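Colleague: give the three-dimensional model of this entry:
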Amino acid sequence: MMAERTDGSQDSWQNIFWKSHKYNERTKIKSGTYLRSFCPHCIKELTSGNKLFLELISFSGETGQLELSPYLNSFEHCTTIKLSEPGEAQDLRCPHCHKSLVVTERKCGICKSSAASFLIGSPTLKVPFFICTKIGCHWHALSPEHEKLIMIEDSDEW
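Modeller: Numbers count the residues shown, from 1 in each chain. This is a model prediction of the structure:
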């Protein structure tokens, strides 16, 4: 059965009921890509050289620095303080404005620990990027609305 369109042409039932999507037409961020990172509060850059710098607060209240690799799917890190088990940070903060990057509405997709978020991208286009606050957990993700536009290479969605 063919349906008639308002312009007089006909359309098949598949085109009427099957909603097409651009799933495979998304921008792909490849592993190893350098991710320029920015604070969502003060918009200052968190990356410098080959490091992404964050302020780390332990559950005992100790403050230190967390250095992460700014390269996608490179999980190298270094801390100036040692976290006790289970190795989760109480807070991750911007080293410039000292505001918290932990988001209450999102949890780690693997271990269910708290998640922190900062912006990745260029000076003109920035999107939220989420990481787990537990040292050693490799979970990271984009915001759900940006997953429709951008795909992270080696993501669990495949």
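
Colleague: what about the closest residue in space to Phe129 that isn't next to it in sequence, distance to His41?
Modeller: Using Cβ to Cβ, 6 or more residues apart in numbering and skipping residues adjacent in sequence, the residue nearest Phe129 is Ile120, 4.4 Å away. Using the backbone N, CA and C atoms, a C-beta is placed for each residue, glycine as well. Distance, Ile120 to His41, by Cβ to Cβ, to the nearest Å: 15 Å.

Colleague: rewinding a little: SS state for the residue nearest to Phe129?
Modeller: Ile120 falls in the strand class when you classify it by DSSP: H, G, I helix; E, B strand; the rest coil.

Colleague: so Ile81 makes contact with Ile57?
Modeller: No - the criterion here is Cβ atoms under 8 Å, and Ile81 misses it with Ile57 at 9.0 Å.

Colleague: show me the strands in this structure, by range?
Modeller: Along the chain, the segments classed as strands by DSSP state E run 2-4, 10-12, 27-29, 37-38, 47-48, 51-57, 63-68, 77-79, 91-93, 102-107, 114-121, 126-132, 140-142, 150-152.

Colleague: neighbour count for Ile81 and Ile57, which is higher?
Modeller: Here Ile81 and Ile57 are set side by side on neighbour count (other Cβ atoms under 10 Å), and the busier one is Ile57, at 21 against 14.

Colleague: quick check: closest non-adjacent residue to the more buried one.
Modeller: Closest to Ile57 by Cβ to Cβ, 6+ apart is Asp91, at 4.0 Å.

Colleague: so who does the one you found touch?
Modeller: Applying Cβ atoms under 8 Å, 6 or more residues apart in numbering, we find Asp91 in contact with Leu56, Ile57, Ser100, Leu101, Val102, Thr133.

Colleague: PyMOL command for the buried members of those?
Modeller: Here is the PyMOL selection string for the buried members of these, based on 16 or more other Cβ atoms under 10 Å:
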select buried, resi 56+57+101+102+133
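
Colleague: I'd like the contacts of Asp91 laid out as CSV, including pLDDT and distance to Pro144.
Modeller: Compiled in CSV, those are given as follows (pLDDT from 0 to 100; distance: Cβ to Cβ, whole Å):
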residue, pLDDT, distance to Pro144
Leu56, 94, 27
Ile57, 93, 27
Ser100, 98, 21
Leu101, 98, 18
Val102, 97, 18
Thr133, 93, 19
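
Colleague: closest one of the contacts of Asp91 to Ser31?
Modeller: Comparing the contacts of Asp91 against Ser31 with Cβ to Cβ places Thr133 closest, at 22.3 Å.
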